[in-house]
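Engineer: structural data only, the sequence is not supplied:
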């Protein structure tokens with residue numbers, strides 16, 4: 001996948017979430033998670049920042065993360081490098097999400113396409129990290145939109161590209177969006193029960 005596809009996913013997410021910027025995301029659970037909608041969007045931004053960081057060094061490690069500091073925001077909070085003061089509200093959080101997406105897209109667009117870097121599921125290249133960013137945005141938007149009562153139906157082509165890049169063994173014959181939700185453990189797919197555990201394959205194609 002490429003930088004433009006990542007930018008498109010982030011832009012669609014920001015535009016959708018902006019319709020709920022008058023609500024208290026810190027008190028609204030994200031569907032299917034133990035996190036609030038606020039924490040989930042922070043996690044999305046943090047992932048995009050982390051994926052940008054992983055491919056930024058000229059010679060990144062394929063065995064460990066770039067060692068940015070991190071902390072938990074409160075007891076039992078998520079471990080994050082990127083977080084936002086709730087006083088800045090949803091509009092501030094959306095600016096951070098957009099900025100982190102832009103950072104990753106810029107790196108994907110400019111670093112050598114064969115650069116390899118560490119990920120917990122296996123080392124990957126810029127195209128793989130772009131796909132990871134797209135999937136993180138698409139599926140966590142499902143969680144947040146469901147919690148906030150928003151409609152979220154990402155483009156079939158974007159979902160299909162993400163499936164092709166990260167889930168080469170995905171079941172064939174169904175629409176891409178329900179298939180992506182199935183592959184990430186969020187929904188059944190016909191007679192197939194949603195997996196209790198899952199991971200993608202970011203190895204270069």
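Structural biologist: Nice, thanks for sending it over. These numbers come from a predicted model, not from an experiment.

Engineer: so what's residue 190 closest to, chain neighbours aside?
Structural biologist: The shortest distance from residue 190 to any non-neighbouring residue, by C-beta to C-beta, 6 or more residues apart in numbering, is to residue 174 (6.8 Å). The way it works is simple: take the backbone N, C-alpha and C, and place the C-beta from them, glycine included.

Engineer: okay, now that neighbour: neighbour count?
Structural biologist: 14 (other C-beta atoms under 10 Å).

Engineer: before we move on, what about residue 4?
Structural biologist: Burial of residue 4 is recorded as 12 neighbouring residues (other C-beta under 10 Å).

Engineer: what do you get for residue 172?
Structural biologist: Residue 172: 7 surrounding residues under other C-beta under 10 Å.

Engineer: wait, a strand at it?
Structural biologist: No: residue assignment for residue 172, taken from DSSP: H, G, I helix; E, B strand; the rest coil, gives coil, which places it outside any strand.

Engineer: for residue 57, see how far away it is.
Structural biologist: 38 Å (C-beta to C-beta, to the nearest Å).

Engineer: before we move on, back to that, residues touching the residue nearest to residue 190, list them.
Structural biologist: With contact set as C-beta atoms under 8 Å, 6 or more residues apart in numbering, residue 174 has these partners: 182, 189, 190.

Engineer: retrieve the pLDDT associated with it.
Structural biologist: At residue 174 the predicted local confidence, pLDDT, stands at 95.

Engineer: cool, and residue 125?
Structural biologist: On the pLDDT scale, residue 125 is placed at 98.

Engineer: quick check, it in contact with residue 118.
Structural biologist: No: in terms of C-beta atoms under 8 Å, residue 125 does not count as a neighbour of residue 118; the distance is 11.8 Å.

Engineer: more neighbours, those two?
Structural biologist: Each of residue 125 and residue 118 had its neighbours counted (other C-beta under 10 Å), and the higher figure belongs to residue 125 (21 against 16).
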